[in-house]
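Enquirer: mind looking at a prediction? Sequence and model below.
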Amino acid sequence: EVQLVESGGGLVQAGGSLRLSCAASGFIFDDYVIGWFRQAPGKEREGVSAISSTEGSTYYADSVKGRFTISSDNAKTTVYLQMNSLKPEDTAVYYCNADRGWGHTYWGQGTQVAVSS
């Protein structure tokens, strides 16, 4: 059974930090690009960051560049999103996604991040 389990969300003041974790199981971790998406109330889901553990490549949305860092622990099949200098506009439900194309995509249940001003 494929599972993506997010954790680490919470309430933080503007300027603070959180680290999200996505623990993956049930599929070949190295075959997938793991990404973080977020969805704020009334808005569409948007891509935040992604990592390919085999290629070592990363992606960041412009809105989080320089503040967020994605990393992967392949031995633990876990991907992390370190979020620093958080802003109120970062408030959203954050979802972990695993994708290798051709319709092979999986989603976690999401973790809430709330940033107060």
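Expert: Yep, it's here.

Enquirer: what about the helices in this structure?
Expert: Applying DSSP state H to the chain gives no helices.

Enquirer: of all residues in it, which one is nearest the centre?
Expert: Trp36 (2.7 Å; Cα atoms, centre = their mean).

Enquirer: just give the number of residues close to the residue nearest to that one when sequence neighbours are not counted.
Expert: Spatially, and ignoring its direct neighbours in sequence, Trp36 is nearest to Val48 (4.5 Å; Cβ to Cβ, 6 or more residues apart in numbering). The way it works is simple: take the backbone N, C-alpha and C, and place the C-beta from them, glycine included. Neighbourhood size, Val48 [other Cβ atoms under 10 Å]: 23.

Enquirer: equivalent analysis for the one 4 residues further on, please.
Expert: Taking other Cβ under 10 Å as the criterion, the count of residues near Ser52 is 16.

Enquirer: now Glu1: how far from Ser25?
Expert: Counting by Cβ to Cβ, to the nearest Å, the separation of Glu1 from Ser25 is 8 Å.

Enquirer: contact partners for Gly108?
Expert: Taking Cβ atoms under 8 Å, 6 or more residues apart in numbering, we find Gly108 in contact with 4-6, 22, 95-97.

Enquirer: if we use 6 Å, what do you get?
Expert: 4, 6, 95-96 (Cβ atoms under 6 Å, 6 or more residues apart in numbering).

Enquirer: which of those fall within strands?
Expert: 4, 6, 95-96 (DSSP state E).

Enquirer: list just the nearest of those to Ser52.
Expert: Among those, Cys96 lies closest to Ser52 (Cβ to Cβ), at 14.7 Å.

Enquirer: with adjacent residues omitted, what lies nearest to the closest one?
Expert: Using Cβ to Cβ, 6+ apart, the nearest residue to Cys96 is Cys22, at 3.5 Å.
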